[in-house]
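Peer 1: Based on what follows, work out the 3D shape:
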Amino acid sequence: MGAGGTLHAPASAPTPARHQRTAPLHPGAWWLWALALGTAATRTTNPLLLALLVTVSAYVVITRRPHAPWSRSYGAFVKLALAVLLVRLLFTTLLGSPIPGTHTLVTLPEVPLPDWAQGVRLGGRVTAEGLTFALYDAMKLATLLICVGAANALANPSRLLKSLPGALYEMGVAVVVALTFAPNLIADVQRLRAARRLRGRHDKGVRGLLQVGLPVLEGALERSVALAAAMDARGYGRTAQVPAPVRRTTAALTLGGLLGICAGTYGLLTAAGGTYGIPVLLAGVAAAFAGLWLGGRRTVRTRYRPDRWDARAWLVTASGVAVAALLFLAAARDPAALHPGVVPLTAPTLPLWPAAAVLLGLLPAFVTPAPDPAPKTAVKEPS
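Peer 2: Presented below is the predicted three-dimensional model:
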């Protein structure tokens, strides 16, 4: 209250415009951006371009990753990508490579195999050309895994499930229940073991685990009953009356759309299907979305504070799609630059305009709001 009894609004009260600017991005935009970068990675084996794609995704994750437990999965995907590289190089070393090479690195003892195993060998010459080809090919899959890890680290899974179409409502609820089961089970085990230690009882070994198992099962049953009551109170499972022709049209559109997505994706991942892959994929996505929209009419429900697909979501999605489209164009115009040869063994070069196209993927780091600072833990002063 100021002078003369005038009431002043708090200085930190957020305005609607400020709240809109600082609202988190729609999780679907993060997934579309990451999948577009992963699609771009499938069109090249140039290690410099693949490393640039990984750098772009890592920078966006570092600058825009929220401080939440689910956002720590990026490191696990990076480790999985490194494991893919090592396994592929190990298989090439032990089983050989179909790529002919003249630069022998090491010669391993070769194991004789029976006649029915012709074409397969164990050991023998390990060439630099074979290892380089295996490294380029494995980097493509590793980059795709890292892009998926970026989506997992940036998109809130619970908000993503909340944004599912109405036709997938039951599946979303089942996924949420499944994701929360394991953490609750672990928390119950830790709580009961701590309580047994405070009472001076044994909490280790098979005997301690058996004595903890019954209370954990009882707690799981209590949570199941409470969850069932809450779902019944919220009207879970109630459906609207939909005419039979609409149901048949919905099933046909959804099934046809999924088949079109599979065929289009296969076309994009193969060199021979690059011409028909994009049209078939777009037609499949359109049919699947139409089927999901029609299927949502039978689900009677509302959303609390639904996530808005605003201009920032369009910009983030467009940046990823632009990277994928430009690399598709580069692969058609200059395939030698995006797929460097290994026979003869030469150093790869960085093509300029495809590299500039990959840098468009950095746009989310500048148009999306920064994450909230990590909560500070209170430090208790020693008495």
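
Peer 1: shaky segments in the stretch 51-200 of the chain?
Peer 2: 117-119, 165-184 (pLDDT under 70).

Peer 1: What ranges does it have for its helices?
Peer 2: Taking DSSP state H, counting those that start in this stretch as the criterion, the stretch 51-200 of the chain carries its helices at 74-95, 128-154, 157-162, 169-198.

Peer 1: can I get those in JSON lines with mean neighbour count and distance to Gly213?
Peer 2: The way it works is simple: take the backbone N, C-alpha and C, and place the C-beta from them, glycine included. Converted to JSON lines, the helices of the stretch 51-200 of the chain look like this (neighbours: other C-beta atoms under 10 Å; distance: least, C-beta to C-beta, whole Å):
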{"stretch": "helix 74-95", "mean neighbour count": "15", "distance to Gly213": "29"}
{"stretch": "helix 128-154", "mean neighbour count": "21", "distance to Gly213": "32"}
{"stretch": "helix 157-162", "mean neighbour count": "16", "distance to Gly213": "29"}
{"stretch": "helix 169-198", "mean neighbour count": "14", "distance to Gly213": "9"}
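
Peer 1: Could you dump these into a markdown table with distance to Val120 added?
Peer 2: What follows is those, written out as a markdown table (distance: least, C-beta to C-beta, whole Å):
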| stretch | distance to Val120 |
| --- | --- |
| helix 74-95 | 7 |
| helix 128-154 | 15 |
| helix 157-162 | 42 |
| helix 169-198 | 41 |
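
Peer 1: which stretch among those helices comes nearest Pro348?
Peer 2: helix 128-154 (8.3 Å; C-beta to C-beta).

Peer 1: tell me what that closest one is packed against?
Peer 2: In terms of contacts (3 or more C-beta pairs under 8 Å, 6 or more residues apart in numbering; DSSP states H and E), helix 128-154 is packed against helix 27-41, helix 47-64, helix 74-95, strand 104-111.

Peer 1: Return the set of buried residues in stretch 243-262.
Peer 2: For stretch 243-262, the neighbour count (16 or more other C-beta atoms under 10 Å) marks Thr250, Leu253, Thr254, Gly256, Gly257, Gly260, Ile261 as buried.

Peer 1: In helices, which of those fall?
Peer 2: Thr250, Leu253, Thr254, Gly256, Gly257, Gly260, Ile261 (DSSP state H).

Peer 1: ok, His26 to Asn156 distance?
Peer 2: Applying C-beta to C-beta, to the nearest Å, the value for His26 to Asn156 is 10 Å.

Peer 1: what touches both of the two?
Peer 2: Counting by C-beta atoms under 8 Å, 6 or more residues apart in numbering, His26 and Asn156 have no shared contacts at all.

Peer 1: and these two? which has more neighbours close in?
Peer 2: His26 (24 against 19; other C-beta atoms under 10 Å).

Peer 1: got the contact list for the more buried one?
Peer 2: Residues near His26 by C-beta under 8 Å, 6+ apart: Ser163, Asp307, Arg308, Trp309, Asp310, Ala313.

Peer 1: at 7 Å instead, please
Peer 2: Ser163, Asp307, Arg308, Trp309, Ala313 (C-beta atoms under 7 Å, 6 or more residues apart in numbering).

Peer 1: Likewise for Val60?
Peer 2: Residues near Val60 by C-beta under 7 Å, 6+ apart: Ala150, Leu362, Pro364, Ala365.
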